[in-house]
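Asks: let me see the structure of the following:
(4 chains)
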There are 2 protein chains.
Amino acid sequence: MTGEERQKRIEDHLLKVEFASLDELSELVDTSVSTVRRDVILLETRGVVRRTHGGARLVNPKSDEFTFNTRDTHQLSEKELIGRKCADLIQPNQTLIIDAGTTCYHVARYLEPKAPQVFTNSLPVANLFAAANKLEVVVSGGVIYPRLGVLVGPLAVEAFQKIRADVAIMSCGGVTTDGISNSHGLLIDIQRAMIHAARRVIFCIDSSKFGRLSISQLCDLETIDVVVTDKPVPADIAKALRKAEVEIVVAQ
Amino acid sequence: MTGEERQKRIEDHLLKVEFASLDELSELVDTSVSTVRRDVILLETRGVVRRTHGGARLVNPKSDEFTFNTRDTHQLSEKELIGRKCADLIQPNQTLIIDAGTTCYHVARYLEPKAPQVFTNSLPVANLFAAANKLEVVVSGGVIYPRLGVLVGPLAVEAFQKIRADVAIMSCGGVTTDGISNSHGLLIDIQRAMIHAARRVIFCIDSSKFGRLSISQLCDLETIDVVVTDKPVPADIAKALRKAEVEIVVAQ
DNA sequence: GAAGATTTTGGAAGATATTGCAAGAAACGC
DNA sequence: GCGTTTCTTGCAATATCTTCCAAAATCTTC
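Replies: So this is what the prediction gives:
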C-alpha cells in the first residue's frame, strides 16, 4: 500500500467516524503507529484533519449540514412529516421563498419534483439544490450567521424586498394567540420581507412551539394563510387561528 | 505486448482500483518494475495518472471543474501549494474578496488564522467558513450555477459593486501575453466587479493555465498586482507580466 | 532478408524517501 | 503528585527513485 492510499483510507475512515485513535488507524491500514502519526500530520497540514492527543478528528465534520443537525435529532421524524406534508401543498412551477431553519430545510428536501423557482437565505437549503440543476435557486446575499448557516443583514433584507413569489414557507420560534415570534432579532426584518413578498404564507411549526413566546414579535396571526404542524393545535390557539382564517394542516 | 497495450491495461486497472503499487502493476502486465515505472511516468505526463511513492493513482478526470465534492483533496497538491502560498500573502484582519473556483477554494482553507473579513460568491467557500464563527463571511446573492456552486447574475454583480476590500483573490481559465480570460461568460461581469472593488488583485493560477485562452477576455495584465502559481512562468508571459509590473510568486 | 540505427527493456549503483523503533519530553487521567 | 500514555526527535533498516548502461527488440534502408 502506498502512502497516499493509506492517507486516503484514513480520511475515508474519519469521514465515517469523525474521530479515531492512532492505534485504531494503524490497525485499519496495517502499519505502525509512527507511520500513521506521520500520515495524520500530513493530513493536518493539508487542513483535512486536526490532530488531538492520541488520535485525529475531521476538521469540519459534515460541514454542509451545519450544527442544526444536533437540534435535529430529537424531533427529526415530526419535522420530516411536516416537511413532506408542506411540500404537498406546493403546486408545480410555483415560485417559493424558503426561510432558514430546520423545519423549512425538511420541506426543501421534498420539493425537487415540483421544480419550483426557489429563493432562500439558508445555506443548507442552497447546498441541497446546488448539485441538482433541475430547478433555479436564488440565494439572497448576506452575512453568514455562523451556527445556523443563515444569511442575515441588509443584503438579505434588500434581496427579498426586490422580489415577488407565490408562496413563502416559513418557520418560527413560538406561537401564541397574539401571533408569531422568533428568537433571532436579526432574522425578523428578513422574515417580514419574505412574508411581504409572498402571495401566500405557510408556516411550518412543530408542536413544541405552540404556547411558546420568543423574544421578537414577527407578525400577527392574520398574516398567515396556512399552518402545517405535527399534532392537533391547542384549543386556544386553534380558536385564534380560525378567527384569523388560517388553514390548519396536521401531518400524521 | 506492446507498450501502448501495457499502458492501457494499467489505466484500466487503475480505473477499477484507484491506487496500485508498481509491484502490483508489474505483475499485472508481466514485466519489470522499471518498465512499469516508465509507463507510469508517461501516463503522468499525459495527465491520466499521478505518481506516488511506490505506486500510482488515477487522476480524477472531472478535476478541473468544481465538484461539490470538496473532500476530494487528492491530486490537488499543486492547487494546495498555491493556496497556502497565497494565504501567506494576506495580512491579518484584511478584508478579502474570494472568487469562485477550486484554486481560490484552496486559498480559503488556509485563511482562518488570519481572521479576515471575507466576501465571496462561492458556496463551497461559504460552507467552509459557515461552521467557524471566527471570521465574518459575507455571501453575495445570486442564482446558483449548478455544477460549480457559484452565485451568478445581477444580484451577485450588484453585491460586489457596493463594497470595497483590501484584496481580491481571483482565479481564471487562461493567461496569455494579452491578459486574463475565463470560460464562463456569466462570471466575467462578477469578476470585473470584484477586481474593481479591491485595492490589490491577486490571481491564483495553476501552471496549466499559462498560454491557454478561454472564451471571454476578463482583463489585461496591468490590472493584476500579484500572480501566485506552482511552476516557473513561461518566458514570454513572464516578460509581459514584468512589463505590467506584476509580482510573480512561485509556490514550490 | 541483412546490416545498421533506433527504441525499448531489464537491471545495477548511488541518491532519496519512507518506515519502524527507541529514548527522552510532554501531556493526560486519577 | 505519579504512573501511564502519547508525542517528538533522531537513527538505522528498508524500499523506492533516478540515472545510467548494456542487451534485446524493433524499425529503416538497401
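
Asks: and whichever residue of the stretch 151-252 of chain A sits closest to chain B, what does it touch?
Replies: Per CB to the nearest CB, residue A:159 is where the stretch 151-252 of chain A lies closest to chain B, at 4.9 Å. Where you see a C-beta, it was placed from the backbone N, CA and C, and this is true even at glycine. Neighbouring residues of residue A:159 by CB atoms under 8 Å, 6 or more residues apart in numbering or on different chains: A:119, A:121, A:140, A:141, A:142, B:141, B:155.

Asks: again, only this time at 6 Å
Replies: By CB atoms under 6 Å, 6 or more residues apart in numbering or on different chains, the contact list for residue A:159 reads A:140, A:141, B:141.

Asks: out of these, who's nearest residue A:202?
Replies: Proximity of the contacts of residue A:159 to residue A:202 (CB to CB) peaks at residue A:140, which lies at 18.7 Å.

Asks: helices of the stretch 51-200 of chain A, start to end?
Replies: Counting by DSSP state H, counting those that start in this stretch, the stretch 51-200 of chain A has helices at residues A:68-72, A:76-88, A:102-109, A:123-130, A:154-161, A:185-197.

Asks: residue B:151: which of these is closest?
Replies: Of all the helices of the stretch 51-200 of chain A, it is helix A:123-130 that lies closest to residue B:151, at 8.6 Å by CB to CB.

Asks: how far does stretch A:89-101 sit from the chain's center?
Replies: In terms of CA atoms, centre = their mean, to the nearest Å, the centre of stretch A:89-101 is set 14 Å apart from its chain centre.

Asks: and it, end to end?
Replies: Length of stretch A:89-101, first residue to last, CA to CA, to the nearest Å: 19 Å.

Asks: contact partners of that stretch?
Replies: A:104, A:108, A:114, A:116-122, A:125, A:150, A:165-171, A:194, A:198.

Asks: and these, which of them are in strands?
Replies: Among those, the residues falling in strands (DSSP state E) are A:117, A:118, A:119, A:120, A:150, A:165, A:166, A:167, A:168, A:169, A:170, A:198.

Asks: nearest to residue A:81, of these?
Replies: Using CB to CB, the ones in strands among the contacts of stretch A:89-101 come closest to residue A:81 at residue A:169, 15.0 Å.

Asks: next, count neighbours for that closest one.
Replies: The number of residues packed near residue A:169 is 32, by other CB atoms under 10 Å in any protein chain shown.

Asks: pretty sure it contacts residue A:105?
Replies: No. No contact is recorded between residue A:169 and residue A:105 when judged using CB atoms under 6 Å, the distance being 10.2 Å.

Asks: check the ones in strands among the contacts of stretch A:89-101 and tell me the two furthest apart.
Replies: A:150 and A:166 (22.3 Å).

Asks: so who does residue A:111 touch?
Replies: Shown in contact with residue A:111 (CB under 6 Å, 6+ apart): residue A:87.

Asks: quick revisit: how about the contacts of residue A:159 in JSON lines, adding distance to DNA strand C, neighbour count and pLDDT?
Replies: Output for the contacts of residue A:159, formatted as JSON lines (distance: CB to the nearest atom of the strand, whole Å; neighbours: other CB atoms under 10 Å in any protein chain shown; pLDDT from 0 to 100):
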{"residue": "A:140", "distance to DNA strand C": "42", "neighbour count": "32", "pLDDT": "94"}
{"residue": "A:141", "distance to DNA strand C": "41", "neighbour count": "27", "pLDDT": "91"}
{"residue": "B:141", "distance to DNA strand C": "43", "neighbour count": "27", "pLDDT": "91"}
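
Asks: as a markdown table, those with distance to residue A:26 would be great.
Replies: Formatted as a markdown table, these follow (distance: CB to CB, whole Å):
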| residue | distance to residue A:26 |
| --- | --- |
| A:140 | 47 |
| A:141 | 47 |
| B:141 | 48 |
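
Asks: which of those residues sits closest to DNA strand D?
Replies: For the contacts of residue A:159, the minimum distance to DNA strand D (CB to the nearest atom of the strand) is 41.5 Å, reached by residue A:141.

Asks: look at residue A:248 and give its secondary structure.
Replies: Following DSSP: H, G, I helix; E, B strand; the rest coil, residue A:248 is assigned to strand.

Asks: nothing else from me, thank you.
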